[in-house]
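Undergrad: Structure here, sequence nowhere to be found:
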């Protein structure tokens, strides 16, 4: 038996100021190495810092030419004040004058297949994704996923702070929530099962239990088209809330959770913002435009006639965002009252205009990042609606029972993490906001 | 176009003291209704509170006999100080004398199939799981999943505070991480794919990028045995960290994250603790016992001879916890140095005794809740080990490339959310800690 003393300080944070002109020992990987006649600049990447270190050829145990980028080093050196402008470095006030280097491990290849030390990777998407374990080490790639991490954490943090309860729903399911052919099938101990297209049914059931719930989890869509807006597996940020007066209550929560995320990114990711050269938005006003009104505006302002279409065209989404930006100085547009035929069976129809639903999409910088709305909450409404649509209600029995047991008026939304991340970071393709994207042609790494 | 004012206070929290002797309006569902000669006690469940309300028959618009449990009500009434002992109520200092009831929705069935108003549900597991949307409304069930939510949130919160980065890895994968037959297969656009048994490969790759990472996500195990300790889908709390000196660094992080979770549960779940009649543990000392030593202790102390076994028997896990509790007054035992043949190929062997690995399990109250350890980190080590085991390294190429690109010494662990929750809550079956459990016989709800 061995008893260990519990160590408490595990953050790996260093108060560099307190080490000024003193020796420090630090472990990390070589992000970048620039060998010069007198020695080298070496940028070391640790779990917390990227920091510049300086090697003097005449005063070191290992010559810098022999070092390989992406090696793991333990270095000793003196902390010195510095003024560093390189945006790929997050500890810009200090540098380390190295006196001793110990190489702990090194790449096994002579030359890395992609040069991650350049300011821009400048490689095609396939190469970028094929070599994810290397390409993600580029400072800009890291910055994207630091921001994605903050989005997830703050989504959970803000919703918890207003008394939503976190849930985890199953991903192997008996029936799909969104219908259609876009569903992956699997064999579950000789029974046909599916991968969940969304946690829809489960989060609704959970409203009966906790009133307000959220989930962060993967969803799976077997969509066969390979576009810059689609992933076959992505992270959905979902919430569902009971006791609503209208679907505008959901829009209020979304506005607050997004603003809370934006503010957290501003507070904790200043280096990443700087590096990606982006500006984090804020929802300063809630602009709601009805679906039919969008068609009309696009017709009136841009002379494009989509007025008979039952959905918004991506071009319309782009144009209405452009219009809203000019007219109301906002990057966010809530489009409401989508046609019932384009929404799933659980969407609640507008009593004043039953061909329209009490639903909305949130458009941000030209792209739909959210679909939400009020749901039916009475058992009879479900049976009637599903019969009207020719659906087999027996397949949904275990879900529909929650409405037999009593449910409050409720609604919610799903927010695609990768879409939100890619819009915030200004990425051309949503796949760039996925660490290991899955599409019709890609299952690795 | 409609512009909405942004509302900021969305927490649904009420300062009942400030409403004392004043009228309040509140919406919720009927958790419990006890009709008496003079009126009724009605417990209302809101997203934040369960609170007692009182109906005076002579002073109400709806007679209590006509109300159904699990209906959604909007009530008006006067807030009064009260002293309430019922543990199923979390707002015990105040009650509401109702003056007006508006029924917003009601169950469609005459009688609910399970009585959730009793102190204990007392139904068999199958019924409990079949009717999850109803049975989860029982206060004890709700308490379990409030605690599970805190575990997830604090796992993320603590690790983020010590500079771990949250990641999301794909669940549809090309090859399994844990090997064996316990893997679900699916058709991915005419290619054979699998559901991830763990985020192992991905979290290791991500150590090269962020140094310290964690993930909260589902994992899938096609195990055919239906026991009280297994689920076919569960939530895995994973972390992986680079730059470790030994696997004891991982044990230190686990100790701190668990203590942080325990302390958060104590701080935020006093009602749930009270209701479930449980005591939240704390790791006050880190007790590590080598695998072989466990066999020896079980032999010496309990006269059971497992000394030639290559794994721990569940009985041994129970007995060594009992022993540790008596001898060292701890509920936690880290069993270290498991035999190499029982650990996956990526486990690092102990240089002093290559038949043993630098790995550990954490046993808590007789059950293994964690498996962790140091991993190989050099490309050559992987190739040699996999060749020795007769594995086809080509199948793992996209994973193995990360070691070509350079990796620091690293390790990590996986912690089963449902196992931890069930051990904390003293549940007899891990499935009771899953909202919608999946086992060989269950795919619904």
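TA: Nice, I can see it. Predicted model only: the values in this text are computed from it and were never measured.
Undergrad: what about whichever residue of the stretch 251-400 of chain A sits closest to chain B, which SS state?
TA: Per CB to the nearest CB, residue A:398 is where the stretch 251-400 of chain A lies closest to chain B, at 3.5 Å. Every C-beta, even on glycine, is put in place using the N, C-alpha and C of the backbone. Under DSSP: H, G, I helix; E, B strand; the rest coil, the three-state class of residue A:398 is helix.
Undergrad: what about it, how many residues close to it?
TA: Residue A:398 has 20 neighbouring residues, counting by other CB atoms under 10 Å in any protein chain shown.
Undergrad: Could you measure from it over to residue B:258?
TA: Separation of residue A:398 from residue B:258 (CB to CB, to the nearest Å): 35 Å.
Undergrad: separation between residue A:16 and residue A:24?
TA: 8 Å.
Undergrad: Report the set of residues contacting both of these two.
TA: The contact sets of residue A:16 and residue A:24 overlap at residue A:79 (CB atoms under 8 Å, 6 or more residues apart in numbering or on different chains).
Undergrad: So these two - more neighbours on which side?
TA: Neighbours were counted for residue A:16 and for residue A:24 using other CB under 10 Å; residue A:16 has more, 19 against 16.
Undergrad: Which pLDDT value goes with the more buried one?
TA: Looking at residue A:16, its pLDDT stands at 97.
Undergrad: do the one 5 residues further on as well
TA: Note on residue A:21: pLDDT of 98.
Undergrad: Tell me where chain A has helices.
TA: In chain A, the helices defined using DSSP state H lie at A:125-130, A:132-135, A:139-161, A:200-210, A:248-268, A:270-276, A:291-302, A:314-328, A:379-388, A:397-404, A:417-425.
Undergrad: Turn those helices into CSV, columns for mean pLDDT.
TA: Output for the helices of chain A, formatted as CSV (pLDDT from 0 to 100):
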stretch, mean pLDDT
helix A:125-130, 97
helix A:132-135, 98
helix A:139-161, 98
helix A:200-210, 98
helix A:248-268, 98
helix A:270-276, 97
helix A:291-302, 97
helix A:314-328, 96
helix A:379-388, 96
helix A:397-404, 96
helix A:417-425, 97
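Undergrad: To residue B:85, which of these lies closest?
TA: Residue B:85 lies closest to helix A:200-210 among the helices of chain A, at 24.0 Å (CB to CB).
Undergrad: So residue A:241 is in contact with residue A:411, correct?
TA: Yes: counting by CB atoms under 8 Å, residue A:411 is a contact partner of residue A:241 at 6.9 Å.
Undergrad: which residues are in contact with both of these two?
TA: Residues touching both residue A:241 and residue A:411 comprise A:249, A:250, with contact defined as CB under 8 Å, 6+ apart.
Undergrad: more crowded one of these two?
TA: Neighbour count, other CB under 10 Å: between residue A:241 and residue A:411, residue A:411 has more, with 30 against 27.
Undergrad: gap between the more buried one and residue A:14?
TA: Distance from residue A:411 to residue A:14, by CB to CB: 47 Å.
Undergrad: Pull the contacting residues for the closest residue to chain B within the stretch 101-250 of chain A.
TA: Proximity of the stretch 101-250 of chain A to chain B (CB to the nearest CB) peaks at residue A:211, 3.0 Å away. By CB under 8 Å, 6+ apart, the contact set of residue A:211 is A:165, A:241, A:242, A:243, A:408, B:12, B:28, B:45, B:46, B:47, B:48.
Undergrad: try 7 Å
TA: Taking CB atoms under 7 Å, 6 or more residues apart in numbering or on different chains, we find residue A:211 in contact with A:242, A:243, B:46, B:47.
Undergrad: Check residue A:337 too.
TA: A:290, A:291, A:350, A:356, A:357.
Undergrad: circling back to that earlier point, please read off the pLDDT at the residue of the stretch 101-250 of chain A closest to chain B from the model.
TA: 98.
Undergrad: again, but for residue A:178
TA: For residue A:178, the model assigns a pLDDT of 64.
Undergrad: and the stretch 251-400 of chain A, which of its residues are near chain B?
TA: Residues of the stretch 251-400 of chain A found near chain B (CB under 7 Å from any CB of the partner chain) are A:251-253, A:255-256, A:285-289, A:293, A:377-380, A:398-399.
Undergrad: Now, of the residues you listed, which are buried?
TA: Among those, those buried by neighbour count (16 or more other CB atoms under 10 Å in any protein chain shown) are A:251-253, A:255-256, A:286-289, A:293, A:377-379, A:398-399.
Undergrad: of the residues you listed, closest to residue B:121?
TA: Of all those, residue A:398 has the smallest distance to residue B:121: 18.4 Å, by CB to CB.
Undergrad: what's the nearest residue to the residue nearest the centre of chain A if we skip its chain neighbours?
TA: The centroid of chain A falls nearest to residue A:417 when counting by CA atoms, centre = their mean (2.8 Å). Take residue A:417 and drop its neighbours on the chain: the residue closest to it by CB to CB, 6 or more residues apart in numbering or on different chains is residue A:235, 3.9 Å away.
Undergrad: so who does that neighbour touch?
TA: If you count contacts by CB under 7 Å, 6+ apart, residue A:235 has them with A:216, A:217, A:218, A:417, A:418, B:168.
Undergrad: Restricted to buried residues, select the residues you listed in ChimeraX.
TA: To isolate the buried ones among those in ChimeraX, judged by 16+ other CB under 10 Å, type:
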select /A:216,217,218,417,418 /B:168
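Undergrad: Residue B:89: which of the contacts of residue A:235 is nearest?
TA: residue A:216 (30.5 Å).
Undergrad: tell me the contacts of residue A:436?
TA: If a contact means CB under 7 Å, 6+ apart, then residue A:436 has A:132, A:445, B:169, B:170, B:202 as its contacts.
Undergrad: Out of those, the closest to residue A:334 would be?
TA: Relative to residue A:334, the closest of the contacts of residue A:436 is residue B:170; by CB to CB it sits at 31.2 Å.
Undergrad: Pull the contacting residues for residue A:229.
TA: Counting by CB under 7 Å, 6+ apart, residue A:229 makes contact with A:367, A:430.
Undergrad: For the residue nearest to residue A:233 when sequence neighbours are not counted, what are phi and psi?
TA: Among residues not flanking residue A:233 along the chain, residue A:438 sits closest, at 4.2 Å (CB to CB, 6+ apart). Main-chain dihedrals, residue A:438, degrees, to the nearest 10: phi -120, psi 120.
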